[in-house]
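*Asks:* Predicted structure and sequence below. I'll ask about it afterward.
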Amino acid sequence: MKFSLLPRLAAVLLAVFIFQLRSAAQGASVAVVEAEVSAVKFSAARFGSDAWFEADVEVEAKPGGKLVAGQFVNRVRVTLSVGMEGTDEKGAKTINFYRATAEALTLEGGKSNFRFYFPPEIVKRDKLRTPVTYYAAEVEVAGKAQEPAKTSFSNAITSAASLQNFISKAAAESVANDGLLIPQFLTPFAADTQRRAPTFARKEALR
């Protein structure tokens, strides 16, 4: 009878080993997040006598999934979608959608800022101001979408479904306002030493 326990023990050990293998495989299949949004802030920004409206997307680069300096994450792209409440000609409440993208050539591990701006004429025309109720910042690394952090979208977006719905709606309806939300490198703030930014991919640099 004392030898009858061996097969059972072997079966238990085999089951534990298979469980460990499956757990390791599942862990390995989880995509490593190499860049994520740590904050999104909106504020007025003056250039001379002009009042611009700034959206500052703070991104944490995590080479290999770790927040370390001295290593780099290449081709980090941020797409910002904004929904601003307004009114139409009849005074009815509406939401105007805006969308813009900027891609950094590379980011060193740590924090970097992707800034976007509404020009003065649009700020006046559309009466843009804080707080901004609806926004979402998407991040890609070398074309691969990164898992969104809670800090990458507004509190008014309360679920994964509503986030995807907002992004889809913004992508479709922002076409009417194409070019009104501008990345920093196309604005007078490009050379502002108080607003340091990564080096961005530019179409005019491509051959």
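*Replies:* Nice, I can see it.
*Asks:* rest of the way, CA atoms for contacts and neighbours
*Replies:* Noted.
*Asks:* Quick one: neighbours of the closest residue to Glu34 other than its chain neighbours, just the number.
*Replies:* Leaving aside its chain neighbours, Glu34 sits nearest to Lys62 (4.4 Å; criterion: C-alpha to C-alpha, 6 or more residues apart in numbering). Neighbour count of Lys62, defined by other C-alpha atoms under 10 Å: 23.
*Asks:* can you check the one 10 residues further on too?
*Replies:* Phe72 is surrounded by 17 other residues when neighbours are defined as other C-alpha under 10 Å.
*Asks:* Torsion angles phi and psi at it?
*Replies:* Phi and psi for Phe72, reported as degrees, to the nearest 10, are phi -130, psi 150.
*Asks:* Next, work out how far apart the residue nearest to Glu34 and Ala92 are.
*Replies:* 45 Å (C-alpha to C-alpha, to the nearest Å).
*Asks:* least trustworthy helix or strand in this protein by mean pLDDT?
*Replies:* helix 5-29 (a mean of 44; mean pLDDT, DSSP states H and E).
*Asks:* So in that sheet, which strands flank the next helix or strand after it, and in what orientation?
*Replies:* Next in sequence after helix 5-29, counting helices and strands by DSSP states H and E, comes strand 35-47. The pairing partners recorded for strand 35-47 under DSSP bridges are strand 50-61 (antiparallel).
*Asks:* what sits against Val82?
*Replies:* 97-99, 132, 134-136, 170 (C-alpha atoms under 8 Å, 6 or more residues apart in numbering).
*Asks:* try 10 Å
*Replies:* Val82 sits next to 55, 95-100, 132-137, 153-154, 166-167, 170, 174, 181 when contact means C-alpha atoms under 10 Å, 6 or more residues apart in numbering.
*Asks:* Type out the PyMOL command that picks the buried ones from the residues you listed.
*Replies:* This is how PyMOL selects the buried members of these, with burial counted by 16 or more other C-alpha atoms under 10 Å:
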select buried, resi 55+95+96+97+98+99+100+132+134+135+136+137+153+154+166+167+170+174+181
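*Asks:* Keep only those of the contacts of Val82 that are in strands.
*Replies:* Applying DSSP state E to these, the entries found in strands are 55, 95-100, 134-137.
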